[in-house]
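Participant: structure of the sequence below:
(chains A and B)
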Amino acid sequence: MRSDGSYWLREHRGTLLAFAAFVAMFAIYAGNHPAGLNANVATTAANKGVLLAIVAMAQTLVVLTSGIDLSVGMVMVLANCLASTIVVGSPGETALGVLGVLFTGALCGAINGLIVIYGRLQPIVTTIATSSVYYGAALALRRVPGGDVNATLADALTGQLPGGVPASLVLLVAIVVIVWLPFRRSALGRAAYAVGSSEVAAYMSGVPIRRAKFAAYTLSGLLASMAGLFLTCITYSGEASAANGGQYTLYSIAAVVLGGVSLFGGSGSAIGAIFGALMFRTIGDLLFVFNVEPLWQPLFQGIVLVAAVCLGSLRLLRIRNRLDLYG
Amino acid sequence: MSLFVMEGVSKRFGGVRALSNADLVVEAGRIHAVLGENGAGKSTLIKIMAGVLSPDEGRMLLDGAPVSFASPAAANAAGIACIFQELSLVPDLSVADNISISNPPRRFGLIDRGAQRRIAEQALARAGAENIHPLALVKDLPLSRRQMVEIAKALARKPRILILDEATSALTAADVTKIYGVLKRLRADGLALIFISHRMHEIAELADECTVFCNGRSVASYAAGTKTDNEVVELMIGREYNAVFPQRATRPASGAPPLLEVRKLNWTDRLSDISLELRAGEVIGLGGLDGQGQRELLLALFGVLHGATGEIAVDGKPVTIGGPHAAKRKEIGMALIPEDRKTEGLMLPMSVRDNLSFAALPRLSRWGVVDRAAEREAVDRIVQLLAVRTDGVDGPAGALSGGNQQKVVIGKWLMMAPRILLLNDPTRGIDVGTKQEMYQLLRELANGGAGILFYSTDYDELIGCCDRVLVMYDGAIRRQLVGAEITERALVSSALNLGAEAADRAPARTLQ
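Facilitator: The predicted structure follows:
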């Protein structure tokens, strides 16, 4: 009988591959950076990476249930606009504001979930529709870019800790520990995986399908609002930007794919998606250190994404039984 | 007082009465066999007991008190566990995750993996499947192992009533023996077991009571052993029961090259040096334990496996078969009836008509447009030939019973008049009546000049149907049995690779 370790490797293959690929790319980036890897370079890179990583985690939760959430970007934008309005003032007011933003995000996710579960609509259609609604709400809050945010909070989250460690990385680890790990280890999280892998088998086994989906969508909205809050801390302002929302939605799907999460649901991990997001960001930075014109960036990001997806499906070449291709 | 009683239970689907006024009385500490053809209402009965369906009429009593189940979870909570024919395992999760899926052990609100693993190990041991690793992903396990996990999962729930719906049909012979032991132990522990099987010897070995279903009604309940097999079969099919297997043809010796000739076929470590000859009019059985390369052999011939090496000749001419499309070509005329009809054989949401005519569409089309009249005529002919019981050919294939679905799969390939027919355990989970029709059909096809390669896990079938049986073990053909040599004893001993001489003192033969 094979050892426990080999089964563990099998289960976490996607996540480990994403981790290895990110480390390799980041090493090339750090090795070629003109200023070397100093604390400031690391902090800037980390802030950008963490923002996408949180959105990618939000996307992962829904993708695991074999859905897709096209509203994550807009929930982030809505949270950004809201945060630039209410996360200000005294520490008490700021704390209330943060709670308000997070609650709003969770509410947006819960609405998505309720429509998908009880309206029996497809997730892709539901979230396209609700993303418009959330964008409308963001516009209503902030017709023109502006607003402010509690500077102490913003600096704490986007700055450096003693020793030059980017605070945003600590934030990311905290989110993983507080949101992801409990979900992954809870019965509800298990149910979400089961639903994504085979909804029929899950139903037959008496798994609470509706609660699992509802939890996944709600937590997804919560995470997206955390990203919006963090975006506010980076920019010190709010902007109802349709471009931003759309871009982050698409990038989050790219990160999920790069992170080894199956778009068919049921397999993968938000940790993989985090490395997928960091990898996706590093591509852009790599182009910068190799002096490629910024205009080329989308093109190269696209090529790398296609290449990565092809690499990911290399295993299909090893499949000897063609029927497995369609399984 | 009986543990569980169903009284006058009825269920309709649209215009079809799946179950009408059915009764069932189940006692603790007994094994109750439920028999009947496919479409007789057994599956519906079980789904009602398991909380998947609600009955239209009738009532259920548990310990004398009326109960109704709104969901599988509710039936579970009442102590009813069901091992379904269609597996209820989640492929992307591990064995241990699956066994504890409905109620994982928790500590501080989170799943306790250590406890979960212990539960899994205990349940697997109870099912006699200690050799399955609790951390293996279900999707990496072969079908027979998954079925053992399914059984372990049901046992882990510590049910009072355990329902087994064709639970042994995917198992290897060794596992079946273990499961018999497990079921007898559970009976001794005071569980009520409800057991559905199409294998008469299983019922003879295990059952205390039997209830026979026919056309949605419970037609007879009796103590096991009080009726002969023939009486039981007559109750099931509601008609006279003749010799099960059609007459073998006496084949004239022919100088023509064999229809299909295979030389030194190899594929990874699953097939080694397979050589065989299939002549027109011949039915060759593939025997052996499940999973010894029989399925791979059929898939390799059909061109589905990458990197298979060896020579294949049809009518004496070497051919390369690059896939199902090539296999369909007129000069090859090969068809494969798959094992898993739901995923590989049928498009369940599409109509019976579409399913039947898919493979033959090029023949039924002119300039790329389907000739609807020709299609209708061909489809009607096949539906009639195979006696497919359907509301109409425009209904979805998914609405048919299992046996009728399998008929549609076979009919689909018959429409293109195949010369070489590969069958991968085609009668798995099919009722006696349909089986019999299928045997007859195979023999007629062979008499009409087709060559048939027939893998079956049912020894009776190999004995009754085949002119020759090639017994496979560990990816190779170990033994050939011809005509009267094909006995259960010879099949079993060679399947276990006990050695031809030791089995029945017959000299080992070389393959022709």
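Participant: which non-adjacent residue is nearest B:V176?
Facilitator: Distances taken as CB to CB, 6 or more residues apart in numbering or on different chains put B:T168 closest to B:V176, at 5.2 Å, once the chain neighbours are dropped. In short, each C-beta sits where N, CA and C put it, glycine included.
Participant: then A:Y217?
Facilitator: Counting by CB to CB, 6+ apart, the nearest residue to A:Y217 once its immediate chain neighbours are dropped is A:G113, at 3.0 Å.
Participant: make sure that neighbour is actually in contact with A:A212.
Facilitator: No: counting by CB atoms under 8 Å, no contact exists between A:G113 and A:A212, whose distance comes to 10.0 Å.
Participant: overlap of the contact sets of these two?
Facilitator: Shared contacts of A:G113 and A:A212, defined by CB atoms under 8 Å, 6 or more residues apart in numbering or on different chains, are absent.
Participant: contact residues of chain A facing chain B?
Facilitator: Taking CB under 8 Å from any CB of the partner chain as the test, the list of chain A residues beside chain B reads A:1-2, A:4, A:7-8, A:10-11, A:182, A:185-187, A:190-191, A:193-194, A:196-198, A:200-208, A:262, A:266-267, A:319-323, A:327.
Participant: for PyMOL, write the selection for the buried entries among these.
Facilitator: Here the buried members of those are turned into a PyMOL selection, burial being counted by 16 or more other CB atoms under 10 Å in any protein chain shown:
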select buried, chain A and resi 7+11+185+186+187+190+191+193+194+196+197+198+201+202+203+204+205+206+207+208+262+266+267+320+321+322+323
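Participant: how much space separates the residue nearest to B:V176 from B:F84?
Facilitator: Taking CB to CB, to the nearest Å as the measure, B:T168 falls 13 Å from B:F84.
Participant: for those two, indicate the residue with more neighbours.
Facilitator: Here B:T168 and B:F84 are set side by side on neighbour count (other CB atoms under 10 Å in any protein chain shown), and the busier one is B:T168, at 25 against 22.
Participant: who in the stretch 401-512 of chain B is up against chain A?
Facilitator: Residues of the stretch 401-512 of chain B lying close to chain A by CB under 8 Å from any CB: none are found.
Participant: where do the strands of the stretch 401-512 of chain B begin and end?
Facilitator: Per DSSP state E, counting those that start in this stretch, the stretch 401-512 of chain B has strands spanning B:420-424, B:451-455, B:468-473, B:476-482. These are given in chain order.
Participant: for the ones you listed, give me TSV that also has mean neighbour count and mean pLDDT.
Facilitator: Compiled in TSV, the strands of the stretch 401-512 of chain B are given as follows (neighbours: other CB atoms under 10 Å in any protein chain shown; pLDDT from 0 to 100):
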stretch	mean neighbour count	mean pLDDT
strand B:420-424	24	91
strand B:451-455	25	93
strand B:468-473	24	91
strand B:476-482	20	91
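Participant: could you list the low-pLDDT ranges of chain B?
Facilitator: Counting by pLDDT under 70, the ranges of chain B that qualify are B:14-16, B:37-39, B:85-87, B:169-170, B:198-199, B:237-244, B:249-255, B:340-344, B:429, B:496-512.
Participant: do that again at 50, thanks
Facilitator: Low-confidence segments of chain B, defined by pLDDT under 50: B:240-243, B:500-512.
Participant: and the residue at the greatest distance from the centre of it, its phi and psi?
Facilitator: Here chain B reaches farthest from its C-alpha mean at B:F108, the gap being 43.8 Å by CA atoms, centre = their mean. When read as degrees, to the nearest 10, the backbone of B:F108 gives phi 50, psi 40.
Participant: ok, A:V177 to chain B distance?
Facilitator: 12 Å (CB to the nearest CB, to the nearest Å).
Participant: repeat that for A:G164.
Facilitator: Distance check for A:G164 against chain B: by CB to the nearest CB, it reads 34 Å.
Participant: doesn't that residue lie inside a helix?
Facilitator: No: the assignment for A:G164, made by DSSP: H, G, I helix; E, B strand; the rest coil, is coil rather than a helix.
Participant: shouldn't it be in contact with A:A42?
Facilitator: Yes: A:G164 sits in contact with A:A42 when judged by CB under 8 Å, with a separation of 7.2 Å.
Participant: more neighbours: those two, which one.
Facilitator: Here A:G164 and A:A42 are set side by side on neighbour count (other CB under 10 Å), and the busier one is A:A42, at 18 against 11.
Participant: tell me if that one really is in a strand.
Facilitator: No: if the criterion is three-state DSSP, then A:A42 is helix and not within a strand.
Participant: just to revisit the earlier point, can you redo the strands of the stretch 401-512 of chain B as CSV with distance to A:I178?
Facilitator: Below are those laid out as CSV (distance: least, CB to CB, whole Å):
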stretch, distance to A:I178
strand B:420-424, 51
strand B:451-455, 54
strand B:468-473, 55
strand B:476-482, 57
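Participant: and the ones you listed: which comes nearest B:A204?
Facilitator: Closest to B:A204 of the strands of the stretch 401-512 of chain B, according to CB to CB: strand B:468-473, at 24.0 Å.
Participant: list the helices and strands the closest one packs on?
Facilitator: strand B:283-287, strand B:476-482, helix B:488-495 (3 or more CB pairs under 8 Å, 6 or more residues apart in numbering or on different chains; DSSP states H and E).
Participant: select, out of these, the one closest to A:F288.
Facilitator: Of all the helices and strands packed on strand B:468-473, strand B:476-482 comes closest under CB to CB, at 59.7 Å.
Participant: just to revisit the earlier point, what sits against the residue nearest to A:Y217?
Facilitator: Counting by CB under 8 Å, 6+ apart, A:G113 touches A:213-214, A:216-218.
Participant: and what of A:V200?
Facilitator: Going by CB under 8 Å, 6+ apart, A:V200 touches B:S88.
Participant: avg pLDDT for the helix or strand harbouring it?
Facilitator: Following DSSP states H and E, one finds A:V200 within helix A:199-204. Across helix A:199-204, pLDDT averages out at 86.
Participant: buried residues in the next helix or strand after it?
Facilitator: Per DSSP H and E, the first helix or strand lying C-terminal to helix A:199-204 is helix A:209-235. Under the neighbour-count criterion of 16+ other CB under 10 Å, helix A:209-235 has A:209, A:212-235 buried.
Participant: which residues of the stretch 51-200 of chain B fall in helices?
Facilitator: Counting by DSSP state H, counting those that start in this stretch, residue ranges of the helices within the stretch 51-200 of chain B are B:72-77, B:95-99, B:113-126, B:143-156, B:173-188, B:200-206.
Participant: same check, this time on the stretch 1-150 of chain A
Facilitator: Listed in chain order, the helices of the stretch 1-150 of chain A (DSSP H, counting those that start in this stretch) span residues A:4-11, A:13-32, A:39-64, A:72-86, A:91-118, A:123-141.
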